[in-house]
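Colleague: Give me the fold of what follows.
(chains A, B, C and D)
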Protein chains: 2
Amino acid sequence: MSDGTLATHAGRPTLEEVARVAGVSRATVSRVINGSPRVSADVLAVVEKAIAELNYVPNRAARSLVARATMSIALVVPEDAHRFFGDPYFADVVQGISDRLDDSDYVLNLQLTHPSSPSEKTRRYLLGGNVDGAIVVSHHSGDHFLTTLSRALPVVFGGRPIGEAAKDSDYYIDVDNRLGAVAGTQHLIDRGRRAIATITGPPDMPASVDREQGWREALRAAGLPDHRVAHGDFTEAGGIRAALTLVDTYPDVDAIFVASDLMASGALLALEERGLRVPEDVAVVGFDNSKYATRGKVGLTTVAQPAQEMGVVMADTLLRLLAGEAPPRVTTLDTHLVIRDST
Amino acid sequence: MSDGTLATHAGRPTLEEVARVAGVSRATVSRVINGSPRVSADVLAVVEKAIAELNYVPNRAARSLVARATMSIALVVPEDAHRFFGDPYFADVVQGISDRLDDSDYVLNLQLTHPSSPSEKTRRYLLGGNVDGAIVVSHHSGDHFLTTLSRALPVVFGGRPIGEAAKDSDYYIDVDNRLGAVAGTQHLIDRGRRAIATITGPPDMPASVDREQGWREALRAAGLPDHRVAHGDFTEAGGIRAALTLVDTYPDVDAIFVASDLMASGALLALEERGLRVPEDVAVVGFDNSKYATRGKVGLTTVAQPAQEMGVVMADTLLRLLAGEAPPRVTTLDTHLVIRDST
DNA sequence: GTGAAAGCGCTAACAG
DNA sequence: CTGTTAGCGCTTTCAC
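Modeller: Got it, this is the predicted structure:
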């Protein structure tokens, strides 16, 4: 304990100790750790042995300090926790992000923020250089702070960001919502339906707008009317309300293209409530291909989007940005129709 | 650019620059930042002004390095993302944790891991001193690595941990599952039910075991039989299967105490499928008081547990542990019965 | 190929 | 109350 030169301590081993054990300099150990080619084979072996013996793990803080990088990225969720966790779409996206990051040295910092105004702490955190980049996952994006965030650090959005502040230098991953909606609606048309309604998402989300537009396009191309519209909010309860409104307002409706499975799930409940059979009386197409599509008694035909892959690509895009590469600014993944019992 | 003494740089301001602008030493600035009382009012003002002007934010890495603390805590989710995000209970817990942490200097690192075996990266991360503490949220806890984790750093569990490795030095937040189950079952008895079954959770989770035990106790105390048991897995589909088994095996069943709302939601579906009315033919009591309790056509009577508050307390307990305090090792929150239409 | 030395931005004794 | 002096653990020129 009073040894003046060789203190035996309990804490985690440092690079210096590894160097001592291996009988080399710290610089060499550092080279080994960082996979530098300028190390001879035998020295490499000795150092690696010492690392293994001591169970050495580099100190992140020290590394960050000199590298001027935090090696962590923020997962910003500008959404009520219930809306977020309640939607299987997000579960997949997060899983994808997490999966991709597992292969990197970055870690994920969860930032749950109020949709319309991130807390002061979150703002400072994000702007204060505490993360190297951020991934913003939400359908929403009218928020000023968030659209402005990309001026301060690399940001990748899940879904096309909107708002006056959205710059065309923003990176985002999206699916072709319009085309997916066209496919879903066209399927309804092909099934012989003629009075096709839609339940949209909130008007301030690009995904909502694009899906509604796709629905409209398909209808117009077929010479069918496109006035049967009800607005939802991407929740099951909202789907119930919208479907009720729809069947009450347009008793002749024989099909509904719903902008999300969760809302479609609600619509199915509402139709049953009104004594309408699916698909006999009313055919229903959802969007997402989430677990809600197979949860009810009637399997939901739906426009599948590769949510998990979107998460992977979001993370990958950010990683490439951080690596100084030039990933595509916009990545659009494909949707495909999954046909079940509801049509 | 070739100015040898006063370089004007673009990067974030450092403490040193603040000191220069304020005309004081770095130590003084550091004192101001850390709220030391040993600073005169006027100096304080000058420094704060400089900080504001420069928009200075302390460098986390540098701070961590000297403080030997990362100021970040891990949120370990040893669960499939779908199971996790699909259960509103977790949404509330995470929201609570996030809320509590918002009032602290700690940030949350999300660690999605495979239930049975965390990735090598996660292990190294958790054990490598990259976080100051961890919160493990899951019903599961038989996993060896996780129960062993508390030997390496402060850990707080959501729900009582089990397994041979669980030490009685583990910190955890829980509700009194047994008592809650007793209350739910007693309510059924009070309603005049006599053939009361139960749908349990997985047998490897303490919450499942305790709730089943509570159900059994209430029944025995009332001199009622306790053999009508079916096992579920805390998913809706599992609830459907279990309920079907139950009514087919025991046609006389007139009530079911279900260990979670999600499963109860499935049970409701199954009962309807079998043409049984709720509550006339079969009364149902759930557990959680999550959104699933009010989602279906019949409101679910359920044992409410304060999920969000549990999250708050989990975070709070860990924070106190990190602060060197001695928070209660076990915190048990109360449940209460919420009566709706299903009983 | 390897080591010596300097420094990332901050905090913490220790003087004064 | 305030400044000076050392590092925290790591990477990185720059010599050899």
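
Colleague: quick one: residue A:45 from residue B:233, how far?
Modeller: In this structure, residue A:45 and residue B:233 are 49 Å apart, going by CB to CB, to the nearest Å. Just so you know, the C-beta spots here come from the backbone N, C-alpha and C atoms, and that holds for glycine as well.

Colleague: Over to residue A:61?
Modeller: 42 Å.

Colleague: Which helix or strand in chain A has the lowest average pLDDT?
Modeller: In chain A, no helix or strand scores lower on mean pLDDT, DSSP states H and E than helix A:81-86, which sits at a mean of 76.

Colleague: so what secondary structure elements neighbour that helix?
Modeller: For helix A:81-86, the packing partners by 3 or more CB pairs under 8 Å, 6 or more residues apart in numbering or on different chains; DSSP states H and E come out as helix B:81-86, helix B:88-102.

Colleague: Name the residues of that helix that come out as buried.
Modeller: A:81, A:83, A:84, A:85, A:86 (16 or more other CB atoms under 10 Å in any protein chain shown).

Colleague: higher neighbour count, residue A:45 and residue B:233?
Modeller: Remark: of residue A:45 and residue B:233, residue B:233 carries more neighbours, 21 against 13, as counted by other CB atoms under 10 Å in any protein chain shown.

Colleague: How about the contacts made by the more buried one?
Modeller: By CB atoms under 8 Å, 6 or more residues apart in numbering or on different chains, the contact set of residue B:233 is B:201, B:202.

Colleague: what does the one 5 residues further on give?
Modeller: For residue B:238, the residues meeting the contact criterion (CB under 8 Å, 6+ apart) are B:232, B:263, B:266.

Colleague: ok, back up a step: okay, the buried residues of helix A:81-86 in JSON lines with distance to DNA strand C next?
Modeller: Shown next, in JSON lines, are these (distance: CB to the nearest atom of the strand, whole Å):
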{"residue": "A:81", "distance to DNA strand C": "31"}
{"residue": "A:83", "distance to DNA strand C": "37"}
{"residue": "A:84", "distance to DNA strand C": "33"}
{"residue": "A:85", "distance to DNA strand C": "35"}
{"residue": "A:86", "distance to DNA strand C": "40"}
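
Colleague: Closest one of those residues to residue B:202?
Modeller: Ranked by distance to residue B:202 (CB to CB), the buried residues of helix A:81-86 are led by residue A:85 at 20.7 Å.

Colleague: what sits against the closest one?
Modeller: By CB under 8 Å, 6+ apart, the residues touching residue A:85 are A:91, B:85, B:86, B:88, B:90, B:91, B:94.

Colleague: DNA strand D versus the fifth one, what's the distance?
Modeller: When you say that, I think you mean residue B:90. As judged by CB to the nearest atom of the strand, to the nearest Å, residue B:90 and DNA strand D stand 35 Å apart.

Colleague: Surely that residue is in contact with residue B:159?
Modeller: No: the pair residue B:90 / residue B:159 is not scored as a contact, 11.2 Å apart, by CB atoms under 8 Å.

Colleague: measure residue A:207 to DNA strand D for me?
Modeller: The gap separating residue A:207 from DNA strand D is 41 Å, by CB to the nearest atom of the strand.

Colleague: Surely that residue touches residue A:259?
Modeller: Yes: using CB under 8 Å, residue A:207 is in contact with residue A:259, at 7.4 Å.

Colleague: And the least confident helix or strand of chain A, how far out from the chain middle?
Modeller: Relative to its chain's centre, helix A:81-86 lies at 13 Å (CA atoms, centre = their mean, to the nearest Å).

Colleague: Name the residues of the stretch 1-150 of chain A found near DNA strand D, please.
Modeller: Counting by CB under 7 Å from any atom of the strand, the residues of the stretch 1-150 of chain A close to DNA strand D are A:11, A:14-16, A:26-27, A:30-31, A:33-34, A:56, A:58-59, A:62-63, A:65-67.

Colleague: Now that we have those, which of them are buried?
Modeller: The buried subset of these (16+ other CB under 10 Å) comprises A:14, A:15, A:30, A:31, A:33, A:56, A:58, A:59, A:63, A:65.

Colleague: Inside strands: which ones of those residues?
Modeller: Judged by DSSP state E, those include no members of strands.

Colleague: Adding pLDDT and distance to residue B:219, write those residues out as a markdown table.
Modeller: Output for those, formatted as a markdown table (pLDDT from 0 to 100; distance: CB to CB, whole Å):
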| residue | pLDDT | distance to residue B:219 |
| --- | --- | --- |
| A:14 | 95 | 60 |
| A:15 | 96 | 62 |
| A:30 | 96 | 66 |
| A:31 | 96 | 69 |
| A:33 | 95 | 61 |
| A:56 | 94 | 57 |
| A:58 | 94 | 57 |
| A:59 | 94 | 57 |
| A:63 | 95 | 59 |
| A:65 | 95 | 62 |
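
Colleague: got the residues of chain A near DNA strand C?
Modeller: Neighbours of DNA strand C within chain A, by CB under 7 Å from any atom of the strand: A:23-28, A:31, A:38-40, A:42-44, A:62, A:65-66, A:68.

Colleague: before we move on, the earlier item: specify which member of the contacts of residue A:85 is nearest to DNA strand C.
Modeller: Closest to DNA strand C out of those is residue B:94 (29.1 Å), distances taken as CB to the nearest atom of the strand.

Colleague: Now for that closest one, how many residues are close by?
Modeller: 29.

Colleague: wait, it sits on residue B:137?
Modeller: Yes: assessed by CB under 8 Å, residue B:94 is found in contact with residue B:137 at 7.3 Å.

Colleague: list residues touching both of those two?
Modeller: Taking CB under 8 Å, 6+ apart as the contact rule, the neighbours common to residue B:94 and residue B:137 are residue B:75.

Colleague: that older thread, I'd like to know which of the contacts of residue B:238 are buried.
Modeller: Applying 16+ other CB under 10 Å to the contacts of residue B:238 flags B:232, B:263, B:266 as buried.

Colleague: list the contacts for the first one?
Modeller: For residue B:232, the set of contacting residues under the criterion of CB under 8 Å, 6+ apart consists of B:199-202, B:238-239, B:241-242, B:258-260, B:263, B:266.

Colleague: I'd like to know how far it sits from residue B:244.
Modeller: Going from residue B:232 to residue B:244 by CB to CB gives 11 Å.

Colleague: Equivalent analysis for the last one, please.
Modeller: Spatial separation of residue B:266 from residue B:244 under the definition CB to CB is 9 Å.

Colleague: phi, psi of residue A:74?
Modeller: Here is the backbone geometry of residue A:74 (degrees, to the nearest 10): phi -90, psi 140.

Colleague: Run through the bridge partners of it.
Modeller: Judged by DSSP bridges, the bridge partners of residue A:74 are residue A:109, residue A:134.
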